[in-house]
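structure for the following, please:
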Amino acid sequence: MDEVSRTSSTPVEGPGASEGSVQGGSSAEAAVLSTDSTSSSSPMSADSSGDVAVVRRGVAFGAAGGALALGLLAGGVSGGLVAAALASPATDTAATSAIEGAAYAPPSTEEQVPSFVPPSWGSGQSTATAATADQQVGVVTITSTLGYQDAQSAGTGMVLTSDGLVLTNNHVIEGSTSIEVTIESTGAVYTAIVVGTDASSDVALLQLQDATGLATVALDDDAGVAVGDAVTAVGNSEGGGDLLAALGSVTALDQTMTASSNGSTPETLDGLIQFSAAVVPGDSGGPVFDDEGEVIGMTTAASSGTVETVAYAIDIEDALVIAHQIQSGIASDTVTIGYPAFLGISLGSDGSVAGVLEGTPAASSGLAAGDVITAVDGVPVPSAASLSDLLDTHSPGDTVTLTWTVAATGASTSAPVTLIAGPAD
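Numbers count the residues shown, from 1 in each chain. All right, here's what the predicted structure looks like:
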């Protein structure tokens with residue numbers, strides 16, 4: 001989970017954002033991933049346990065609207081995203097803002113931003129304690145600067161290779177314009193770039209720059225876990241930069257959780273491991289160890305406001321399948337390699353430009369608030385969603401020709417625009 005401590009939401013190439021500041025990114029080249037996992041994940045059915053409000057342990061503040069019954073499990077330094085919604089049996093239906101390569105503006109009033117509701121730990125659940133030296137090996141803390149939000153978020157990750165490939169949740173680094181990673185067992189600090197992401201599976205792969213000789217986490221090699229098995233979740237508790245360990249046990253397997261971005265089609269995480277442990281914001285992306293000290297899952301979500309915490313982890317085998325795809329540079333409908341192409345605008349509900357970021361291609365082109373983009377490379381743009389889809393087919397450095405109607409005069413104009421690297425999505 002990651003947690004944040006400033007009001008913010010995520011830049012969207014869609015409704016509702018306006019002017020803000022910008023930081024660029026750079027594309028990443030994948031290194032060889034030294035793991036043996038070759039299995040693929042398969043759809044699983046939802047559990048029928050009682051209603052719980054689920055917090056994805058990655059973020060805490062950000063998107064406007066809704067009481068915060070669901071959120072991301074990230075830990076907080078300052079800034080981030082919000083997941084807010086109601087949960088049905090074993091289902092987390094969250095509302096978060098989505099990064100699609102446009103401008104960002106914080107909500108105009110404090111009332112628009114729901115406050116984070118941390119999980120309540122019951123007397124039957126032990127609190128987390130300092131992780132042992134063995135439990136810290138290969139585990140990192142992650143601080144993401146969210147340049148468009150003027151904020152930061154924090155989470156956890158796992159070192160997969162000695163040259164610095166790190167696995168974490170997508171929501172830990174979503175919206176980031178720069179990422180700093182600390183190897184907690186040594187104190188070494190690295191700059192990380194995004195190798196690729198899969199938002200639909202909540203998986204991200206990072207590369208630590210100039211890393212060599214790193215210790216890696218021990219991955220499970222004996223067919224996972226069973227209900228009742230003891231587990232330990234280790235993570236960057238509350239984004240404080242210290243690794244804590246929360247003891248628990250597996251309570252169910254093959255669980256399904258559905259999360260959606262504001263106005264977007266819901267995405268479903270399936271095959272999840274359900275477990276009881278006092279995980280808190282900041283633990284997202286961290287390992288869930290079995291009794292042999294091997295990673296069986298990656299902490300992603302947990303209940304909020306319940307007597308005892310119901311936590312969820314992505315099965316490590318499923319996460320590694322996606323990591324291998326990202327490392328291989330294979331993009332898909334859900335997998336983005338490197339950083340997305342970025343124009344630097346936001347669109348209002350009527351499809352007009354709501355705002356333009358200074359220093360971006362949109363600003364250089366002469367686009368202004370109120371203008372309406374009508375075509376990209378001659379392809380008509382009937383909606384905000386279609387504009388996002390068209391830009392998603394491009395990479396940073398591509399030049400496209402935009403056609404738009406100027407709000408001030410009603411005249412149609414066009415200009416070539418070279419897209420830049422946007423925030424991680």
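
who does the helix ranked longest in the chain touch, helix- and strand-wise?
Across the chain, the longest stretch assigned as helix under DSSP state H is helix 316-327. On a contact count with 3 or more Cβ pairs under 8 Å, 6 or more residues apart in numbering; DSSP states H and E, helix 316-327 meets strand 165-168, strand 189-198, strand 203-208, strand 295-303, strand 335-337. The way it works is simple: take the backbone N, C-alpha and C, and place the C-beta from them, glycine included.

lowest average pLDDT across the ones you listed?
Across the helices and strands packed on helix 316-327, strand 295-303 has the smallest mean pLDDT, namely a mean of 91.

by contact count, what packs against that one?
strand 54-55, strand 151-159, strand 230-236, strand 267-276, strand 287-289, strand 311-315, helix 316-327.

kindly recompute the last result at 6 Å.
Helices and strands touching strand 295-303, as assessed by 3 or more Cβ pairs under 6 Å, 6 or more residues apart in numbering; DSSP states H and E, comprise strand 54-55, strand 287-289, strand 311-315, helix 316-327.

closest one to T132 among the helices and strands packed on helix 316-327?
strand 295-303 (15.0 Å; Cβ to Cβ).

return the most buried member of the helices and strands packed on strand 295-303.
Across these, averaging neighbours per residue (mean count of other Cβ atoms under 10 Å) puts strand 54-55 on top, at a mean of 34.

what mean pLDDT does that one get?
The average of the pLDDT scores along strand 54-55 is 46.

rank the helices and strands packed on strand 295-303 by pLDDT, which is bottom?
Averaging pLDDT over each of the helices and strands packed on strand 295-303 puts strand 54-55 lowest, since it has a mean of 46.

residue ranges for the helices of the protein, please.
133-136, 170-173, 316-327, 361-365, 384-392.

ok, back up a step: could the helices and strands packed on strand 295-303 go into CSV alongside distance to F342?
Below are those laid out as CSV (distance: least, Cβ to Cβ, whole Å):
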stretch, distance to F342
strand 54-55, 30
strand 287-289, 32
strand 311-315, 28
helix 316-327, 20
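
now do I322 against S249, distance only.
26 Å (Cβ to Cβ, to the nearest Å).

nope, S201 is what I meant
25 Å.

go on, A151?
Taking Cβ to Cβ, one finds A151 at 36 Å from S249.

who's more crowded, those two?
A151 (25 against 14; other Cβ atoms under 10 Å).

per-residue pLDDT, the more buried one?
A151 carries a pLDDT value of 87.

and the one 4 residues further on, by the same measure?
Reported pLDDT at G155 in the predicted model: 96.

what's the closest non-adjacent residue to it?
Computed as Cβ to Cβ, 6 or more residues apart in numbering, the closest residue to G155 that is not its neighbour in sequence is V172, at 3.3 Å.

show me the contacts for Q136.
By Cβ atoms under 6 Å, 6 or more residues apart in numbering, the contact set of Q136 is 184-185, 243.

how about G285?
Going by Cβ under 6 Å, 6+ apart, the list of residues near G285 reads 155-157, 168-169, 172.

now it: how far from V139?
In terms of Cβ to Cβ, G285 sits 10 Å off from V139.

identify the residues contacting stretch 399-414?
Against stretch 399-414 from outside (Cβ under 6 Å, 6+ apart): 370-377, 416-418.

on that earlier part again, which of the contacts of Q136 has the most neighbours?
Neighbour-wise, those (other Cβ under 10 Å) top out at L243, 25 neighbours.

does it touch A133 like I think?
No. L243 lies out of contact with A133 (Cβ atoms under 6 Å); the separation is 10.3 Å.

check contacts around G164.
207-208, 211, 214.

at 10 Å instead, please
The contact partners of G164, by Cβ atoms under 10 Å, 6 or more residues apart in numbering, come to 31, 140, 181, 183, 190, 192, 206-214, 216.

of the residues you listed, keep whichever come out buried.
31, 140, 181, 183, 190, 192, 206-208, 211, 214, 216 (16 or more other Cβ atoms under 10 Å).
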